[in-house]
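A.B. asks: I'd like to go over a predicted model; first the sequence, then the structure.
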Amino acid sequence: MKNYNSLIAEKITNGVATMWCAYLFGAIALISLPNAIKTGDSIVIVSWVAQTFLQLVLLSIIMVGQKVQSQNVENTINETHTASLAEFELAKEARMLANRQIDSLHALSKDMHILMKEVEAKLSA
């Protein structure tokens, strides 16, 4: 039942978090505007603006904005992750190259020691 409720909540949230829903809520809110204006009472008109129009329309607009911001953050995270993986691969390649160079230097050092011993042996003889 919990999964079903989560699925319903997700569907409703995805539907409300659209500009089309904001337009629909705006149109619904405008239906009651003529009656609010007919009263001539400024409190009724302000209440209509604050409680009917703004709450209905801004709900969807804020959700759309949050969705856009969330997607931007997700894109940034993905780009950072991709860049980090690329840097890691470059570091691995640099380490392998350094290890090969160290191995070459060790081999040269051994060869030099052998040559030095041979030269020393010839000089001693």
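C.D. replies: Sure, I can see it. On a predicted model such as this, the values are computed, not experimentally measured, just so you know.
A.B. asks: Centroid-nearest residue for the chain?
C.D. replies: In the chain, the centroid-proximal residue (C-alpha atoms, centre = their mean) is residue 74; its distance is 1.7 Å.
A.B. asks: tell me the pLDDT at that one?
C.D. replies: With respect to pLDDT, residue 74 scores 96.
A.B. asks: swap in residue 29?
C.D. replies: For residue 29, pLDDT reads 90.
A.B. asks: now residue 87
C.D. replies: We have a pLDDT of 96 for residue 87.
A.B. asks: Just the element for residue 23, please.
C.D. replies: For residue 23, the host element (DSSP states H and E) is helix 19-31.
A.B. asks: for that helix, the distance to its chain's centre please.
C.D. replies: 30 Å (C-alpha atoms, centre = their mean, to the nearest Å).
A.B. asks: name the helices or strands packed onto the helix or strand containing the residue nearest to the centre of the chain?
C.D. replies: Per DSSP H and E, residue 74 falls inside helix 55-124. Helix 55-124 sits against helix 2-16, helix 19-31, with contacts defined as 3 or more C-beta pairs under 8 Å, 6 or more residues apart in numbering; DSSP states H and E. (Glycine included, C-beta is placed from N, CA and C.)
A.B. asks: Can you flag the weakest of the ones you listed by average pLDDT?
C.D. replies: For the helices and strands packed on helix 55-124, the weakest mean pLDDT is recorded on helix 2-16, namely a mean of 88.
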